[in-house]
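Chemist: for reference, the sequence and a predicted model appear below.
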Amino acid sequence: MTQSKKDAIHSQLYDIYDEIKAQLTELNQEKALVINGPDTKLIKRGIEISYLQGQKRATDHIFNLIEQHPDESEFLSSYKSTEQMVKEQLDSNKKYFSNMSEPNDDFEQVISKYYHALGQQFVFEQMNKTN
């Protein structure tokens, strides 16, 4: 019997979730080294955290969709609409970021939102590679 698309996504989601946890653990272990290092390392750490938080948010949301929609077609419909919403958020963030001529007061928030959306998009790209 072949595995349903929903079941395949569910399985793969656990792998991605485990990878996120491992990366967060590694990031936390390096915290002392980064805090005492150059400020560029702090900025990089902030970007990595935003990216991983985006991945975590996407995996949590997909896990919730799986729980909420026992029917495969309902799940896939919700999954696709969520994927489209994430793509639109990323496109919007890219456009806003690229139109900035110079950093303004909310620059750190713009970067955070961009990398958060990029992390979410990564999860959907990984799902679509194998499913």
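Modeler: Now that the structure is in, tell me what you want to look at. Owing to the predicted nature of the structure, the values given are computational and were not obtained by experimental measurement.

Chemist: check contacts around the nearest residue to Gln23 once chain neighbours are set aside.
Modeler: With C-beta to C-beta, 6 or more residues apart in numbering as the criterion, Gln23 has its nearest non-adjacent residue at 5.8 Å, and that residue is Leu52. Any C-beta I mention is one placed from the backbone N, CA and C, and that applies to glycine too. By C-beta atoms under 8 Å, 6 or more residues apart in numbering, the residues touching Leu52 are Ile20, Gln23, Leu24, Leu27, Gly119.

Chemist: pLDDT check: weakest of these?
Modeler: Within the contacts of Leu52, Leu27 has the lowest pLDDT, namely 83.

Chemist: okay, and that one sits in which element?
Modeler: According to DSSP states H and E, Leu27 maps onto helix 5-29.

Chemist: the longest helix along the chain: what's the following helix or strand?
Modeler: Ranked by residue count and defined by DSSP state H, the top helix of the chain is helix 39-68. Moving toward the C-terminus from helix 39-68, the next helix or strand (DSSP H and E) is helix 72-98.

Chemist: which other helices and strands contact that following helix?
Modeler: Counting contacts by 3 or more C-beta pairs under 8 Å, 6 or more residues apart in numbering; DSSP states H and E, helix 72-98 is packed against helix 5-29, helix 39-68, helix 107-130.

Chemist: so Phe75 makes contact with Glu67?
Modeler: No. Taking contacts as C-beta atoms under 8 Å, Phe75 lies outside contact range of Glu67: 9.6 Å.

Chemist: who has more neighbours, these two?
Modeler: Legend: neighbour count by other C-beta atoms under 10 Å for Phe75 and Glu67, higher for Phe75 (21 against 9).

Chemist: give the contact list for that one.
Modeler: Residues in contact with Phe75 (C-beta under 8 Å, 6+ apart) are Lys6, Leu65, Ile66, His69.

Chemist: among these, which two are most distant?
Modeler: Lys6 and Leu65 (9.2 Å; C-beta to C-beta).
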